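# Fold the following.
(2 chains)
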Amino acid sequence: MTEQLYYEDIVVGSEIPPLAKQPTIRQLVMWAGASGDYYEIHYDKDFAQSTGLPRVIVHGQLAGSFLGQLITDWIGEQGSLRKLTCSYRSMNFPGEALTCKGKVSKKYIEDGEHCVECNIWAENPEGDKTVLGMAIVTLPTRG
Amino acid sequence: MVEDTLNIDGLRSKIGIEWEPVVCEIEKGMIRRFAQAIDDPNPLWQDEEYAGRSKYGGIIAPPTFIQTVGWEQFEKQFQLQVAPSLGRGRLNGGVELEYYQPVRPGDTITVITKIADVRERQGRRMGKMVFVTFEKIYKNQRQEPVAKCRQITIGY
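Presented below is the predicted three-dimensional model:
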């Protein structure tokens, strides 16, 4: 595991170390099995096209879980994820790189807890932000 | 377009009505398969020894795991109650998750689901669309809240 992140280390405007993913159809099938989401648009091209989609697409929840990993990797074992939102703006396709990124927007103390708010997003190879979201985490202090 | 299958009023009449609770026992293997599916090697999710030395004292699930708890049962209810009122397809519009405590192997999680909101919109490419917001409350075996989820399904 990486070194623990502390509240004092946080600079508003700083970037979260990016997380690179490259979902494949195999990974979508693994996700279907692990999540119980067997909707055919995620592994059956003919079915996907019958609903008007160009081809098989990545599960929104899988992309959202990549963003969850972006955060848990960053905050380390002592940090806690309190809130995560994802808005799916456009589709992601298997075989294409999906890069998860984030930026700190705010840090504050609330009810004695050291909170950090970030904007997070996932980018496709064209640099389009296909998933937009935010996260609130609590971090330990050095004190 | 098969727009005529969209039944907005039918969906609106279901707002606020709680579905039958879904009860799920969480097993270590479910958490492991989830972590493997996202390809997340964090030892807190899988390594008993490492997680045992952490502040959690044992394996916990990745935060986003909670969305999958009871998904198959949700899907069945969705097919009965919601899908017939949607159009030919549906997409995931977004999700909002609030976490109160981690989920652990051995937990028994109860999920209470309801439709919280139904909105109609005109899409540029997809034609008439309906945005259905589901609210799910997750509680553990001690009746403590574990998480809350609001998710939007788009029918078109």
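# Quick one: classify the residue most central in space within chain B as helix, strand or coil.
The residue lying closest to the centre of chain B (CA atoms, centre = their mean) is residue B:67, at 3.7 Å. Three-state call for residue B:67 (DSSP: H, G, I helix; E, B strand; the rest coil): helix.
# Next: residue B:52.
On the three-state scheme (three-state DSSP), residue B:52 is labelled helix.
# Convert the C-alpha atoms of stretch B:88-101 to CSV, please.
Coordinates of each C-alpha in stretch B:88-101 appear next as CSV, following Å, rounded to 0.1, in the frame of the first residue of the first chain:
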residue,chain,number,x,y,z
ARG,B,88,-37.3,-0.2,-25.6
GLY,B,89,-34.1,0.4,-23.7
ARG,B,90,-32.7,1.8,-20.5
LEU,B,91,-29.4,3.4,-19.3
ASN,B,92,-27.8,4.1,-16.0
GLY,B,93,-28.1,7.9,-15.5
GLY,B,94,-26.1,8.2,-12.3
VAL,B,95,-25.8,7.3,-8.7
GLU,B,96,-25.3,9.1,-5.3
LEU,B,97,-23.9,7.0,-2.5
GLU,B,98,-23.6,7.9,1.2
TYR,B,99,-21.6,5.6,3.4
TYR,B,100,-22.1,5.3,7.2
GLN,B,101,-20.0,2.2,7.9
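# quick one on the thing from earlier: how far away is the residue nearest to the centre of chain B from residue B:82?
To residue B:82, residue B:67 is 17 Å away according to CB to CB, to the nearest Å. (Glycine included, C-beta is placed from N, CA and C.)
# same question, residue A:105
35 Å.
# Find the residue closest to the residue nearest to the centre of chain B in space, skipping its chain neighbours.
With sequence-adjacent residues excluded and distances taken as CB to CB, 6 or more residues apart in numbering or on different chains, residue B:67 is closest to residue A:61, at 5.7 Å.
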